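Participant: Quick check, what structure comes out for this input:
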Amino acid sequence: MRAKTITIATHKGGTGKTVTAMALGAGLARTKKKTLLVDLDPQAHSTIGLGLDLANGDPTLREVFSEPAASVAKTIRGTHLEFLHVAPSHIRLERVAQSLYARPKREELLKRALRDVLDRYDFLVIDCPPSLGVLTETGIAAADLVLIPSQMEARAADGIVDLLELIAVLKGDGWNEWRILLTKVDSRKTVTNEAVMAALSRWQDKILETAIPQSEPLNQAQIARTDIFTYEPESKGALAYQALTEEILNYGS
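Facilitator: Take a look at the predicted model:
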């Protein structure tokens, strides 16, 4: 069975992108779905946040995008969760990414690299960097579903427009396998929330039912280098990401 690839992408920082990648990966793994988290962000926050310590010389996605390319399979590391593995990032991936612009069909590089591991997993979760650069291009090109975290704040719709333009270029105008995930929702900010929802109304049918509330344990879990379900399973954030996991498992069924 071929893995389903979920790419989490936005070019705005502070939306909960990496928290979502970590929590969704852990949530799927907790249901015994074999899951690979592909950390495309050179800041390596998913890699670090899940407790991985890499030694000098350990293969990462930097080598996968270099020439000659290394195998993704050689980069994969286990985590504290039996069914969750990570293809780790490295700060030097950014330097390699800058050289990719001259490569032919650069947007297909990750998709081709992942072919050898698709039959080993049920899900691949790709954490893109907060930009619309070449690494994000490769993440979108490899996606079966693009998940767009959108923080409940003014001008949230502006960032989505730019990303949708890139998706259309890479996947075609008729490709509709993308969804918006509302994050950092503060129910007390009713006026702001109403304004944001009005701005997003054109994509109402693309907004997931699950919304992620403001929840400090989500940040604390990342600092503690573990997933939210291990750190504080009864927190609002954990319960919301459990609901998101269930929604993703039922997506398209």
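Participant: for the longest helix along the chain, which positions count as buried?
Facilitator: For the chain, the helix with the greatest residue count under DSSP state H is helix 156-171. Residues of helix 156-171 classed as buried: 156, 157, 159, 160, 163, 166, 167, 170, 171 (neighbour count, 16 or more other Cβ atoms under 10 Å). In this view, the C-beta of every residue, glycine as well, is placed from N, C-alpha and C.
Participant: on contacts alone, who are the packing partners of it?
Facilitator: helix 134-141, strand 145-151, strand 178-185, helix 190-199 (3 or more Cβ pairs under 8 Å, 6 or more residues apart in numbering; DSSP states H and E).
Participant: Need the residues that contact the shortest one.
Facilitator: Right, strand 145-151. Residues from elsewhere that reach strand 145-151 (Cβ atoms under 8 Å, 6 or more residues apart in numbering): 4-10, 12, 14-17, 20, 24, 140, 156, 159-160, 163, 167, 177-184, 200, 212, 251.
Participant: By mean pLDDT, flag the weakest helix or strand of this structure.
Facilitator: helix 190-199 (a mean of 85; mean pLDDT, DSSP states H and E).
Participant: What ranges does this protein have for its helices?
Facilitator: Using DSSP H, the helices found in the chain span residues 17-30, 45-49, 61-65, 72-75, 93-99, 109-114, 134-141, 156-171, 190-199, 216-223, 228-231, 236-249.
Participant: Show me what the mean pLDDT comes to for the fifth one.
Facilitator: Read that as helix 93-99. Helix 93-99 shows a mean pLDDT of 88.
Participant: Check the second one too.
Facilitator: Helix 45-49 shows an average pLDDT of 94 in the prediction.
Participant: Now tell me what touches it from outside.
Facilitator: Contact partners of helix 45-49, identified using Cβ under 8 Å, 6+ apart, comprise 18, 21-22, 25, 37, 39, 54, 60, 86, 88-89, 127, 221-222, 225-226.
Participant: Can you turn the buried part of these into a PyMOL selection?
Facilitator: A single PyMOL command selects the buried members of those (16+ other Cβ under 10 Å):
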select buried, resi 18+21+22+25+37+39+54+60+86+88+89+127+221+222+226
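Participant: Could you measure from residue 123 over to residue 7?
Facilitator: 11 Å (Cβ to Cβ, to the nearest Å).
Participant: Between those two, which has more neighbouring residues?
Facilitator: The neighbour count for residue 123 versus residue 7, taken as other Cβ atoms under 10 Å, is higher for residue 7 (28 against 24).
Participant: Quick check: pLDDT value at the nearest residue to the more buried one once chain neighbours are set aside.
Facilitator: The shortest distance from residue 7 to any non-neighbouring residue, by Cβ to Cβ, 6 or more residues apart in numbering, is to residue 143 (3.7 Å). What the model reports as pLDDT for residue 143 is 97.
Participant: contacting residues around residue 143?
Facilitator: 5, 6, 7, 126, 171, 177.
Participant: between those, which is closest to residue 66?
Facilitator: Using Cβ to Cβ, residue 126 comes nearest to residue 66 of the contacts of residue 143, at 18.6 Å.
Participant: for the closest one, which residues make a bridge with it?
Facilitator: residue 7, residue 38 (DSSP bridges).
Participant: Number of residues surrounding it?
Facilitator: Quick note: residue 126 (other Cβ under 10 Å) scores 29 neighbours.
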